[in-house]
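Asks: A structural model of the following input is requested.
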Amino acid sequence: MVIINGENLILGRLSSFVASKLLDKEKVAIVNAEKVVVRGTKMAIMERFERRRTLQAKGNPIKGPKYYKATVNLVRFAVRGMLPYKRLTGKEAYRRLRVYVGLPKTFEGKEIITIEDAKCTKGRFLTISEISTRIGGKW
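Replies: Below you'll find the model as predicted:
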């Protein structure tokens, strides 16, 4: 099992790395999911998430597309977008993914990986927890 620390990692780069590991039939756990970062200006990021939340089906608005608000589900949805989810291999790979807020006690003392290529320490960004709270989620 590969355990990845999501602190200060860019969401898209983290998702593509995790998707490749999942397709190689490895189990992956992402810890500290609330500290994953989305790059860009705050206004542009929030505009994108708000626009996505206001979409409705024309025939029946109640059955419109539903998007996640929780931090764990936002990260899982990003990884799912990198997988061939409609095929059997993608569904099986998606089942091998676990995402956690914080560091569970079961992973203490085990080797935790950070992806150096996906690090983000400076520039404009928002964390997943900030996005989640702004769109109404409770993490």
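Asks: could you dump stretch 79-87 to CSV, C-alpha only?
Replies: Extracted C-alpha coordinates of stretch 79-87, given in CSV (Å, rounded to 0.1, in the frame of the first residue of the first chain):
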residue,chain,number,x,y,z
VAL,A,79,-8.7,11.3,-9.0
ARG,A,80,-11.8,9.7,-10.6
GLY,A,81,-11.5,12.1,-13.5
MET,A,82,-8.0,10.8,-14.3
LEU,A,83,-9.2,7.2,-14.4
PRO,A,84,-11.1,5.4,-17.2
TYR,A,85,-14.0,5.2,-14.8
LYS,A,86,-16.7,3.8,-17.2
ARG,A,87,-14.6,0.7,-17.9
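Asks: Residue 103 in helix, strand or coil?
Replies: Assigned with DSSP: H, G, I helix; E, B strand; the rest coil, residue 103 falls in the coil class.
Asks: If we go by neighbour counts, what in the helix or strand of the chain with the lowest mean pLDDT is buried?
Replies: Least confident helix or strand, the chain: helix 42-53 with a mean of 88, by mean pLDDT, DSSP states H and E. For helix 42-53, the neighbour count (16 or more other CB atoms under 10 Å) marks 45, 46, 49 as buried. C-betas here are computed from N, CA, C, even on glycine.
Asks: Going along the chain, name the strands of the protein.
Replies: 2-5, 28-31, 37-39, 97-99, 125-127 (DSSP state E).
Asks: any chance of those in TSV, with mean pLDDT and distance to residue 82 too?
Replies: Formatted as TSV, the strands of the chain follow (pLDDT from 0 to 100; distance: least, CB to CB, whole Å):
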stretch	mean pLDDT	distance to residue 82
strand 2-5	97	14
strand 28-31	98	12
strand 37-39	95	15
strand 97-99	97	11
strand 125-127	94	20
